[in-house]
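Asks: next input, structure requested:
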Amino acid sequence: MRLLMLGGTEFVGRAVTDEALARGWQVTVFHRGRHEPAPGVVELLGDRTEAGGLAALDRGEWDVVVDTWTNAPSVVRDAARALAGRVKRYVYVSTGSVYTYPCAPGHDEDAPLVDGSPDAGDVEYPQAKRGGELAVTEAFGDRSLLVRAGLILGPRENIGRLPWWLSRIARGGPVLAPGPRDLALQYIDARDLARWSLDAAERGLSGPYNLISPPGHTTMGRLLEACVRVTGSDAELRWTDPEPILAAGVEPWMDLPIWVPPGEAYATMHEGDVSKALAAGLRCRPVEETVADTWAWLQELDGPPPQRTDRPPLGLDPEVEAKLLRG
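Replies: Sure thing, here's the model as predicted:
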């Protein structure tokens with residue numbers, strides 16, 4: 001198989017590239033040159049946001065293209081149109097945020113969607129991803145696969161969610177652990193996303209798929225307890241009900257990454273129906289493996305973990321945490 005990876009040097013894109021190389025595929029990585037690509041790929045340079053930025057893709061044919069673009073849908077539109085006659089299948093890594101908020105518990109791929117346009121410039125994240133979906137389906141029709149991921153974790157994460165928890169717990173001492181302890185979580189390891197997406201492309205699957213672990217795949221308790229074990233720290237998890245945390249002005253998801261208390265946002269993030277993807281072969285590794293491998297990767301870095309410049313830094317102010325711990 002011949003893969004064209006648009007991006008491919010960070011987090012999800014790198015996971016797809018690594019998975020394809022492990023399969024013996026021929027991999028071409030098109031990127032801006034800001035990060036080193038994986039060894040063994042064909043490297044093409046260009047900036048999709050600039051006039052003529054796709055020139056390096058004027059020649060070549062591939063079996064599948066994978067695109068993780070997050071911003072202006074018009075950028076996806078231009079790439080899809082340019083490649084429609086020379087690529088068999090287009091895989092677009094989208095998001096569950098394309099569903100109209102709030103989502104009902106158990107929402108599947110037929111849930112109502114936000115409005116979007118393939119011709120839009122910079123718009124909010126849900127509309128950007130929906131516009132990207134429309135751009136791909138407009139150019140590729142039933143040769144398009146829409147991977148609607150949710151929370152993505154794993155090695156090389158450049159958002160800062162699991163790395164923040166690992167770093168905080170590694171410092172030890174009392175740690176504010178947002179409850180309930182048995183709060184069920186849904187997420188997808190980037191490597192499981194990569195494996196399923198390439199399998200699906202190879203099999204010729206099309207249309208939208210919610211790609212996230214089954215409801216209850218893990219809990220906040222299992223996640224944070226795994227962080228304590230792999231770091232080997234003396235951290236003491238102090239489980240705290242949502243009410244005092246919220247009353248202190250702490251923002252779920254941002255101040256306490258991953259955590260969303262029960263309610264509308266929780267149903268949207270952690271109660272999606274993934275039966276379609278499971279029937280199509282989705283398999284999710286245990287949370288303990290994701291945590292351990294992410295910690296091992298963090299230990300290999302010479303400096304702080306990478307952070308996307310278009311996303312704000314995450315994490316709880318130590319003074320706020322200390323105040324909450326004091327009660």
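
Asks: all helices of the stretch 101-250 of the chain, in order?
Replies: Here the stretch 101-250 of the chain has its helices, by DSSP state H, counting those that start in this stretch, at 125-140, 161-170, 190-203, 220-231, 242-247.

Asks: for residue 81, which of those is the nearest?
Replies: The minimum distance between residue 81 and the helices of the stretch 101-250 of the chain falls on helix 125-140, with 5.2 Å, by Cβ to Cβ. All C-beta spots, glycine's among them, are computed from the backbone N, C-alpha and C.

Asks: buried ones in that closest one, by neighbour count?
Replies: Neighbour-count burial for helix 125-140, with 16 or more other Cβ atoms under 10 Å as criterion, is recorded at 126-140.

Asks: now swap in stretch 299-306 and tell me
Replies: In stretch 299-306, counting by 16+ other Cβ under 10 Å, buried: 305-306.

Asks: how about stretch 101-115?
Replies: For stretch 101-115, the neighbour count (16+ other Cβ under 10 Å) marks 103, 107-109, 111, 114 as buried.

Asks: got the CA coordinates for that stretch in PDB?
Replies: Output of stretch 101-115 as PDB, limited to C-alpha atoms (Å, rounded to 0.1, in the frame of the first residue of the first chain):
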ATOM      1  CA  TYR A 101     -24.100  20.100  21.600                       C
ATOM      2  CA  PRO A 102     -25.400  18.700  23.900                       C
ATOM      3  CA  CYS A 103     -25.400  15.100  22.700                       C
ATOM      4  CA  ALA A 104     -27.800  12.600  24.100                       C
ATOM      5  CA  PRO A 105     -26.200   9.700  26.000                       C
ATOM      6  CA  GLY A 106     -25.600   6.900  23.500                       C
ATOM      7  CA  HIS A 107     -25.400   9.200  20.400                       C
ATOM      8  CA  ASP A 108     -24.200   7.400  17.300                       C
ATOM      9  CA  GLU A 109     -23.100   8.500  13.800                       C
ATOM     10  CA  ASP A 110     -26.700   9.600  12.900                       C
ATOM     11  CA  ALA A 111     -26.800  12.300  15.700                       C
ATOM     12  CA  PRO A 112     -27.500  15.900  14.600                       C
ATOM     13  CA  LEU A 113     -24.500  17.700  13.200                       C
ATOM     14  CA  VAL A 114     -23.300  21.300  13.400                       C
ATOM     15  CA  ASP A 115     -23.400  23.500  10.300                       C
END
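
Asks: what's it in contact with?
Replies: 96-100, 126-127, 130, 148, 207-210, 264-265, 267-268, 271-273, 275-276 (Cβ atoms under 8 Å, 6 or more residues apart in numbering).

Asks: tell me which of these fall in strands.
Replies: 148, 207-210 (DSSP state E).
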